[in-house]
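**Q** Take this sequence and fold it.
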Amino acid sequence: MEVVSVDGIMSMLHEFLLEALTLLAIVLELMGVFIIFRAALAAFRRYLSSHNEGIGLSLASGLALVLTFFLGAEILLTATARTIQELAMICGVFLLRAVMSVLIHWETGHQAEGSRAH
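**A** Take a look at the predicted model:
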């Protein structure tokens, strides 16, 4: 019978956790891709039916939702970073996505106000 050390168990648990977090981040990103596809398809369908009002707003809302999923994936990936360079890259991507999210929310707010004024 083989005796497993505490270090061995911790190492296996650590590797499992890294794999699980990476897989979960990939799943979140795939969900985001599906949402992008669905939002773009709905906006295109609306464009073809000549109901052009609110297309940009609905597409921007879909993109804002997607960025939330992508930010969640980036947060999970910060736990898997093994070097400072990996962490810096993940943080850079996170910041870019956060800025895009803020800009999209700002734009959708202005579009919504503009459509209410008309």
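
**Q** Next up, the contacts around the residue positioned nearest the centre of the chain.
**A** When Cα atoms, centre = their mean is applied to the chain, the residue found nearest the centroid is residue 70 (1.1 Å). Contacts for residue 70 (Cβ atoms under 8 Å, 6 or more residues apart in numbering) come out as 28-29, 32, 97. C-beta here means a position set from N, CA and C on the backbone, and glycine is covered the same way.

**Q** which parts of whatever helix or strand residue 60 lives in are buried?
**A** Per DSSP states H and E, residue 60 falls inside helix 55-78. By neighbour count on 16 or more other Cβ atoms under 10 Å, the buried set for helix 55-78 is 57-67, 69-74, 76-77.

**Q** same thing with stretch 79-87?
**A** residue 80.

**Q** And the contacts of that stretch?
**A** With contact meaning Cβ under 8 Å, 6+ apart, stretch 79-87 is reached by 17-18, 21-22, 25, 78, 90.

**Q** Show me those that map onto strands.
**A** Counting by DSSP state E, none of the members of the contacts of stretch 79-87 fall within strands.

**Q** Mind checking which of these are in helices?
**A** In this view, the contacts of stretch 79-87 that belong to helices under DSSP state H are 17-18, 21-22, 25, 78, 90.

**Q** Restricted to buried residues, select those residues in ChimeraX.
**A** Typed into ChimeraX, the next command selects the buried ones out of the ones in helices among the contacts of stretch 79-87 (criterion: 16+ other Cβ under 10 Å):
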select :21,25,90
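
**Q** Would you mind listing the two of the ones in helices among the contacts of stretch 79-87 that lie farthest apart?
**A** Spatial extent of those (Cβ to Cβ) is set by the pair 17 and 90 at 16.5 Å.
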